[in-house]
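Undergrad: Any chance you can model this:
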Amino acid sequence: MGLYETLGLLLFATVCLTLMAGFPVAFTLGGVSLPFAIGGSFIGAFDLSFLGFVSNRIFGVMTNEVLIAVPLFVFMGVMLERSKVAEELLEAMGAAFSSLPGGLGIAVCIVGATVVTMGLLSLPTMLNRGYDPKLATGAICASGTLGQIIPPSIVLLVLGDQISNAYQDAQRQLGNFAPDPVSVGDLFAGALIPGLMLVGLYIAYIMFRAIMNPAGAPPVPRKAITGSGDSGPVIGRMLKALVAPVVLIVAVLGSILAGVATPTGAAAVGAVGAAFLGGLRISDKSGRPIYVAAACLILVLTGFVDLRLGRDEVSSGEQIGIILAAIACVGIIWGLGTALLRITSDGTLGEVSQQTAKISAMVFGIVIGAQLFSLVFRGLHGDDVVHEFLKDLPGGAAGAMFFVMLIMFVIGFFLDFIEITFVVVPIVAPILLLMDLNPVWLGIMIAVNLQTSFLTPPFGFALCNLRGVAPASVLTRDIYRGIIPFVGLQLIMLGILAAFPELTLWLPRLIYGTVAGG
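TA: Numbering: from 1, shown residues only. Sure, this is the predicted structure:
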């Protein structure tokens, strides 16, 4: 391998080292790539005319309708957290499962709220009730990352766009200029079973720990949580907290999987629904039955009555249905307006909007920097070097896949999922897909692998977030030791998916009839 070929790999290594040093991702990707491009042009290794394509690539990304869903899904998640909807659900589930051995840990896994929320609400209770700090912190950190693999997920949304581009690139190289598209819906459907299996593995481990060491995960009398031993109020409280967010998530995810709405349209519904739930939670209860009845009426009518207006013939029954639907829509609009006024007056909407803008700006800034990096890397023929290296590994496609998964796991100790998605995936995914790997299976394997980056020290987001809200009595080494079994469970899940690819492909085939790549 000569000097020219080495420049691409040196660019990649420099970017990774600079990111590990803590420099901003977007500026690092562009700031490191440009000197390499200019230096490469001096020695004849890079054609500066490549940089003329940067604006076209950025324009193509910014007009991608799928990525519009990113700020909408971010808004939905932040709103559910800030409006205390997730907190209410966590408290209700904790009360329902607390009397079981390891019940508080099980409740944490089922809810899967953010690490900060669970660290503030569940961790003190678990520690006060005698839970092993390592088990408590490990369960909270691991459960807080489940939202990265269980749809709707920002990781799957961004990764789906990258896998789709890589698959089209690979198919063009193979001479197929009209390949079946890889949609975000494919990845959402493919991730559902592995995500739920991962929840099951977490719960099974917590129950095993509770059986082997009852003192480290003791049952908590329901009366100690709720002040009453009666299960009736607990069930009612759980249903009340569970129904609204579950209906919202099912509506968002179901509309994508059923093909009723695009990811962007479903994300818009999710954002509006989250704002609606947030406003209802802090408003007076007098209007809630009306809003709920209006929403239920709309669902029933859309299922049984043709509500289209531009038709030549409309029966009397359909006319009544259309009138009722219009009345219900007025009720929903009134409720949404009331909800927006409530979350605006108490500052929730402003806080959520600011947080959404920050996260979205970070993501799209990285997207722009990644386009420049990818262009320079390919201009230096770095992708050809990586392709030849992976192709020559023993074991063929399986060996190349194992090596890539190992590298992503190691890099995850130092880089987060966004950096890996926009720096590493565009390099390796087209090469792996040229080896006849299924793009949906590859995307889910990468997503599960990226999930470990939230838990691996020293820069795992979940660890840092929990350390920031955990009591001083919880040592950092307890947090690090606590996540080891859960990282092991994630790796076991990777092995299961590698051995049984149908776990990721069965549901997409069932829903859509076919999956890209066979």
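
Undergrad: I figured residue 143 hits residue 109, correct?
TA: Yes: with contacts counted by Cβ atoms under 8 Å, residue 143 reaches residue 109, the gap being 4.8 Å. Every residue, glycine included, has its C-beta placed from N, CA and C.

Undergrad: For these two, list the residues in contact with both.
TA: Common neighbours of residue 143 and residue 109, counting by Cβ atoms under 8 Å, 6 or more residues apart in numbering, are residue 202.

Undergrad: which one of the two has more residues nearby?
TA: residue 143 (29 against 24; other Cβ atoms under 10 Å).

Undergrad: Skip the chain neighbours and tell me the closest residue to residue 265.
TA: residue 255 (7.4 Å; Cβ to Cβ, 6 or more residues apart in numbering).

Undergrad: actually residue 426, not the one I wrote
TA: Distances taken as Cβ to Cβ, 6+ apart put residue 374 closest to residue 426, at 5.2 Å, once the chain neighbours are dropped.

Undergrad: that older thread, next SSE after the helix or strand hosting the residue nearest to residue 265?
TA: Taking DSSP states H and E as the definition, residue 255 sits inside helix 231-257. Downstream of helix 231-257, the first helix or strand assigned by DSSP H and E is helix 263-282.

Undergrad: which strands and helices sit next to that following helix?
TA: Helix 263-282 is packed against helix 69-82, helix 85-97, helix 231-257, helix 288-304, helix 316-345, helix 348-379, with contacts defined by 3 or more Cβ pairs under 8 Å, 6 or more residues apart in numbering; DSSP states H and E.

Undergrad: May I see the buried residues of it?
TA: The neighbour-count check on helix 263-282 (16 or more other Cβ atoms under 10 Å) flags 263-281 as buried.

Undergrad: cool, and stretch 167-182?
TA: 167, 168, 169, 170, 171, 179, 180, 182.

Undergrad: From start to finish, how long is that stretch in a straight line?
TA: 8 Å (Cα to Cα, to the nearest Å).

Undergrad: Which residues does it contact?
TA: 160, 163-164, 429-431, 433-434, 439-440, 443, 514-517.

Undergrad: let's go with 7 Å and repeat that
TA: The contact list for stretch 167-182, computed with Cβ atoms under 7 Å, 6 or more residues apart in numbering, reads 163, 164, 430, 433, 434, 439, 440, 516.

Undergrad: Under a three-state scheme, what state does residue 23 occupy?
TA: Look at residue 23: counting by DSSP: H, G, I helix; E, B strand; the rest coil, its state is coil.

Undergrad: So that it lines up with my notes, have the first residue be 43 from now on.
TA: Happy to do that; since the first residue is 43 now, the last one works out to residue 65.

Undergrad: So what's the residue count around it?
TA: Neighbour tally, residue 65, other Cβ under 10 Å: 15.

Undergrad: So residue 75 is in contact with residue 418, correct?
TA: Yes: counting by Cβ atoms under 7 Å, residue 75 sits close enough to residue 418 to count as a contact (4.2 Å).

Undergrad: Now do the shared contacts for the two.
TA: residue 53.

Undergrad: so where's the stretch 193-342 of the chain shaky on pLDDT?
TA: Scanning the stretch 193-342 of the chain with the threshold set as pLDDT under 70 gives 263-283, 324-334.

Undergrad: Which of the helices and strands in this structure ranks last by mean pLDDT?
TA: helix 264-268 (a mean of 57; mean pLDDT, DSSP states H and E).

Undergrad: Can you tell me how far the residue sitting furthest away from the middle of the chain is from residue 364?
TA: Taking Cα atoms, centre = their mean, the residue of the chain most remote from its mean C-alpha position is residue 358, at 46.0 Å. As judged by Cβ to Cβ, to the nearest Å, residue 358 and residue 364 stand 11 Å apart.

Undergrad: repeat for residue 193
TA: 33 Å.

Undergrad: So which of the two has more stuff around it?
TA: Neighbour count, other Cβ under 10 Å: between residue 193 and residue 364, residue 193 has more, with 26 against 17.

Undergrad: Quick check: nearest residue in space to the more buried one, chain neighbours excluded?
TA: residue 230 (3.9 Å).

Undergrad: Let me know the helix or strand that the one you found is in.
TA: Per DSSP H and E: helix 226-254 holds residue 230.

Undergrad: Show me which parts of that helix are buried, residue by residue.
TA: Using 16+ other Cβ under 10 Å as the test for burial, helix 226-254 gives 226-237, 240-241, 243-245, 247-249, 251-252.
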